[in-house]
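Student: Please work out how this folds:
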Amino acid sequence: MYFLSRLIPIKTLKMFLIPLFSCGFILSNTQIALAQSGGNKNVTILYSQQNQNKKNSNKKVRKSNKNVKIKKSSRSKSKYRRKFEENFARNDAKTVYVTAQPVLFSAYNGSSIINPTRFAQNTVKVKAFTDPRESLNNNGAAFNTPFGQIDWPEVASKMFFKNGKTYSYYKNFKLELTIDPQLQDASEKYLSQTRILNGSTAIIDPKTGKILALSQNGGNRNAVISVSSRAPAASLMKIITASAAIEKRNLNPYDEIAFRGGCGSLRNGNWLADPARDSQRLTFAKAFGSSCNTAFARIALYDVGLSSLKFYAEKFMFNKAIPSDIKLQTSMFLLPDPDTATPQEVAEAGAGFGATRLNPIHAALLSAAINNRGVMMAPFLVEAAFNSDGREVYRAKPMQIGRIVSPQTALKVETLMLATIATGTSRRTFHKAGTRADADEIGGKTGTLLDPENRDVLYTWFSGIAPLNSPNSIAIGTVVASPQNWVVRASSVAQTTLADYLKLEKSDSRVASRSN
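Tutor: As a prediction, this is how the structure comes out:
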C-alpha cells in the first residue's frame with residue numbers, strides 16, 4: 001500500500017481498491033489505462049507498454065525524483081493534450097500515441113502485480129486507436145433500398161401488428177417488417193417483467209438473416225440499446241477463440257486442456273504453461289461450457305495466437321461494418337500490438353477480458369453463423385416497402401456476408417455450446433419448466449462483466465440457438481444491465497423467451513409462418 005500511495009494519490013486508490021476488493025470482479029489492463037487517459041472520448045487506450053527499455057525507464061525514475069514545479073507539469077500536460085487533439089483530428093483514425101499511467105493491477109479479482117523494478121513512477125507512451133463505435137458506419141452497406149437505412153427507434157415507435165404481420169412507417173413508406181408478432185411479444189414481455197436497468201433481445205433466422213424480434217426492456221421502443229454497441233462482449237469472445245483453435249489446431253471438443261489456479265481468475269502467471277504444476281484438466285467442451293477463463297487463456301496463448309485471434313474476430317465482423325438495412329453501431333474488439341503484446345494481454349483477450357463492445361443483433365449473429373454451418377447472413381428488418389399509392393417498391397432478398405468458419409468447425413462449436421446448457425453456466429437456468437425437455441437441443445454461451453466506465457453496473461449476455469436440429473432454429477442475443485447483486489441475468493431472460501418459442505415451433509402454424 002505504501003508503494004501504491006507513492007504512485008497514485010490516496011483518494012484515487014480508494015476509488016479503485018474499495019470496489020475491487022469488495023465485489024471481486026474484473027478490472028482489465030485496458031480499463032485501467034482508459035480511466036487514466038483523462039477521459040478523452042475520441043480515444044480508446046489499447047495496451048500498456050510494459051516492456052520498456054530499462055535505460056529509458058531508469059532515466060524517467062531519476063527525473064521523477066527531482067523537484068519539479070506542479071504548475072509547470074500541468075502546463076506541459078495541457079500543451080501536449082492540445083497538440084494531441086489537433087493531431088488526432090488531422091490524422092483521422094490513424095494510429096496515435098497518448099500518455100497514461102502504467103498498469104498497476106492484474107485483470108482479475110483486484111490482485112496486485114506491482115513490481116517496482118518493472119514499472120516507472122511516471123507516465124509512459126501507449127498506443128491508441130479511434131473507437132470504431134464512434135460512428136454508425138454500416139450506412140448503405142449491401143442493401144439497396146428506396147428508404148435508405150432505417151433508424152430503429154423511429155420505426156419501432158410506429159410499429160403495429162395486423163393479420164399476423166408487422167408494419168411501420170418510415171420516410172413516407174409503409175414497411176412490412178420481418179418481425180414475428182408472437183416472438184416480439186414474448187421477448188418484450190419477459191424484459192418488461194424483470195426489474196433491470198436496461199436490456200435487449202434480438203432474435204434472428206440463421207438461414208436468411210431475418211430479424212424476428214428486436215425488443216428493449218419495459219417495451220420501450222424509443223430505446224437504442226438494441227442497435228448500440230455499449231455492453232462489453234465479455235465471454236462471448238470465447239466463441240471466436242474456440243473457432244480459431246478448432247480451425248488452426250484442429251482442437252476437438254473432448255481434447256483435454258491442462259491448467260492450474262482454478263477457472264475464475266488469471267493470477268500469478270497461471271496463464272503460462274508449467275507441466276510440473278499444471279495439475280488440473282478439463283475437456284475443451286467443459287472449459288467452454290463452464291466458461292473457464294484459465295483454460296481459454298491457455299488456448300488463446302498456445303493454440304491460437306494474437307494474429308489469428310484478430311483474424312477470426314474480424315471474420316466474425318468485429319471492427320467491421322455489418323451489412324444491414326438497419327443502422328447498427330460497430331462492434332469493437334481492440335487488441336494489443338503484436339510487436340509489443342505481453343503473454344498476459346493475449347491470454348486476457350482470448351478469455352474475454354479485452355477491450356470489447358457488442359450490440360445484441362451482432363450477439364445473435366455469432367450463434368446464427370454457427371447454426372448456419374459457418375455462413376453468416378446479413379441481418380435485415382424490412383421484408384417489403386410500399387409507396388404512398390400502396391404499390392410495392394421494394395422486397396428484400398437474403399444476402400450472405402460470407403463464410404466465417406467451415407461446416408466441420410461449426411458443428412464442433414455447436415457441441416461446445418451444448419455443454420453450456422448441459423453441464424455449464426446455464427445448466428440450472430435451462431432445466432426449468434418450458435425448456436427442460438429441450439435442453440439437449442439448445443446451445444449457447446454466456447458472458448458476464450462489469451461496465452468498465454461504471455463499476456456499479458453488471459452486464460450479462462446470452463447468445464444461443466434453439467432448437468439445434470430443426471429447420472426452424474432461431475439464434476438469440478440477449479443483454480441485461482443490472483446492479484451487481486441483482487438476480488436477473490441474460491440467460492434467464494433468454495430461457496423464458498425460448499420457452500415460448502419452443503412451444504410455437506412445435507405447432508404447424510409456427511412452421512407455416514416461418515416458411516411464408
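Student: in stretch 381-388, what counts as buried?
Tutor: Buried positions in stretch 381-388, judged by neighbour count with 16 or more other Cβ atoms under 10 Å: 381-385. For every residue, glycine as well, the C-beta is placed using N, CA and C.
Student: Closest one of these to N454?
Tutor: Among the buried residues of stretch 381-388, L381 lies closest to N454 (Cβ to Cβ), at 30.0 Å.
Student: So that closest one sits against T178, correct?
Tutor: Yes: assessed by Cβ atoms under 8 Å, L381 is found in contact with T178 at 5.7 Å.
Student: okay, and the common contacts of those two?
Tutor: Between them, L381 and T178 share these contacting residues under Cβ atoms under 8 Å, 6 or more residues apart in numbering: I211.
Student: quick revisit: out of the buried residues of stretch 381-388, who's nearest D303?
Tutor: Nearest to D303 among the buried residues of stretch 381-388: L381, at 37.7 Å, using Cβ to Cβ.
Student: gap between the closest one and I203?
Tutor: 12 Å (Cβ to Cβ, to the nearest Å).
Student: got the contact list for G289?
Tutor: Contact analysis of G289 by Cβ under 8 Å, 6+ apart lists 416, 418-425.
Student: And E392, by the same measure?
Tutor: Here E392 is in contact with 384-386 (Cβ under 8 Å, 6+ apart).
Student: What about these, which are in strands?
Tutor: Mapping the contacts of E392 onto strands (DSSP state E) picks out 384-386.
Student: follow-up on the earlier one: which neighbours do L381 and I203 share?
Tutor: Here L381 and I203 share the contacting residues 211, 214, scored by Cβ under 8 Å, 6+ apart.
Student: Residue ranges in the chain under the pLDDT threshold?
Tutor: Along the chain, segments meeting pLDDT under 70 span 1-142, 193-196, 218-224, 487, 508-516.
Student: And the top strand by length along it, what's buried?
Tutor: The residue-count maximum for a strand in the chain (DSSP E) belongs to strand 454-466. Buried residues in strand 454-466, defined by neighbour count with 16+ other Cβ under 10 Å: 455, 457-466.
Student: likewise stretch 202-220?
Tutor: For stretch 202-220, the neighbour count (16+ other Cβ under 10 Å) marks 202-218, 220 as buried.
Student: what do you get for stretch 404-423?
Tutor: By neighbour count on 16+ other Cβ under 10 Å, the buried set for stretch 404-423 is 404-405, 409-410, 412-422.
Student: Inside helices: which ones of those?
Tutor: Members of the buried residues of stretch 404-423 lying in helices (criterion: DSSP state H): 409-410, 412-422.
Student: Save the ones in strands among the contacts of E392 as a markdown table, and put in distance to Y394 too.
Tutor: As requested, these are exported to a markdown table (distance: Cβ to Cβ, whole Å):
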| residue | distance to Y394 |
| --- | --- |
| A384 | 6 |
| A385 | 4 |
| F386 | 8 |
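Student: I'd like the contacts of G289 laid out as TSV, including distance to G262.
Tutor: TSV is the format used below for the contacts of G289 (distance: Cβ to Cβ, whole Å):
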residue	distance to G262
L416	20
L418	24
A419	18
T420	19
I421	23
A422	21
T423	17
G424	16
T425	15
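Student: out of those residues, which one sits closest to L498?
Tutor: I421 (10.5 Å).
Student: Surely L450 touches A481?
Tutor: No: L450 is beyond contact range of A481, at 10.5 Å (criterion: Cβ under 8 Å).
Student: distance between the ends of stretch 145-152?
Tutor: Chord length of stretch 145-152, first to last residue, is 15 Å (Cα to Cα, to the nearest Å).
Student: Show me what counts as buried in that stretch.
Tutor: Neighbour-count burial for stretch 145-152, counted by 16+ other Cβ under 10 Å, picks out 145, 147, 149-152.
Student: Then stretch 271-280?
Tutor: Neighbour counts over stretch 271-280 (16+ other Cβ under 10 Å) mark 271-272, 278, 280 as buried.
Student: who touches that stretch?
Tutor: Residues outside stretch 271-280 that contact it (Cβ under 8 Å, 6+ apart): 258-262, 294, 297-298, 301-302, 343-344, 347.
Student: switch to 10 Å and redo it
Tutor: Defining contact as Cβ atoms under 10 Å, 6 or more residues apart in numbering, one finds that stretch 271-280 is touched by 108, 257-263, 269-270, 292-298, 300-302, 343-348, 350-351.
Student: Quick check: PyMOL command selecting the buried ones in the residues you listed.
Tutor: The PyMOL command for the buried members of the contacts of stretch 271-280 (criterion: 16+ other Cβ under 10 Å) is given here:
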select buried, resi 108+257+259+260+261+263+270+292+293+294+295+296+297+298+300+301+302+344+345+346+347+348+350+351
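Student: A410 contacts L468, doesn't it?
Tutor: No: contact criterion Cβ atoms under 10 Å: A410 and L468 do not qualify, at 11.1 Å.
Student: List phi and psi for the residue nearest to R230 when sequence neighbours are not counted.
Tutor: Spatially, and ignoring its direct neighbours in sequence, R230 is nearest to R357 (6.6 Å; Cβ to Cβ, 6 or more residues apart in numbering). Note on R357: its backbone torsions stand at phi -140, psi 150 [degrees, to the nearest 10].
Student: Count the neighbours of R357 for me.
Tutor: 23 (other Cβ atoms under 10 Å).
Student: does T166 count as helix, strand or coil?
Tutor: strand (DSSP: H, G, I helix; E, B strand; the rest coil).
Student: For it, which residues count as its bridge partners?
Tutor: On the basis of DSSP bridges, T166 is bridged to F161, L177.
Student: Go ahead and confirm it touches T178.
Tutor: Yes: at 7.7 Å, T166 and T178 qualify as touching, with contact defined as Cβ under 10 Å.
Student: more crowded one of these two?
Tutor: Shown here are T166 and T178; by other Cβ under 10 Å, T178 has more neighbours (24 against 20).
Student: need the contact list for the more buried one.
Tutor: Going by Cβ under 10 Å, 6+ apart, T178 touches 165-166, 204-205, 208-214, 325, 379-384, 396.
Student: Check S470 too.
Tutor: When contacts are counted by Cβ under 10 Å, 6+ apart, S470 touches 371, 438, 441, 502, 505-506, 511.
Student: swap in M417?
Tutor: 239, 242, 285, 288-289, 367, 370-371, 424, 426, 442-445, 463-465, 468.
Student: Repeat that for Y167.
Tutor: Going by Cβ under 10 Å, 6+ apart, Y167 touches 155, 158-161, 174-177, 179, 383-384, 386.
Student: Swap in 7 Å and give it another go.
Tutor: Contact analysis of Y167 by Cβ atoms under 7 Å, 6 or more residues apart in numbering lists 160, 174-177.
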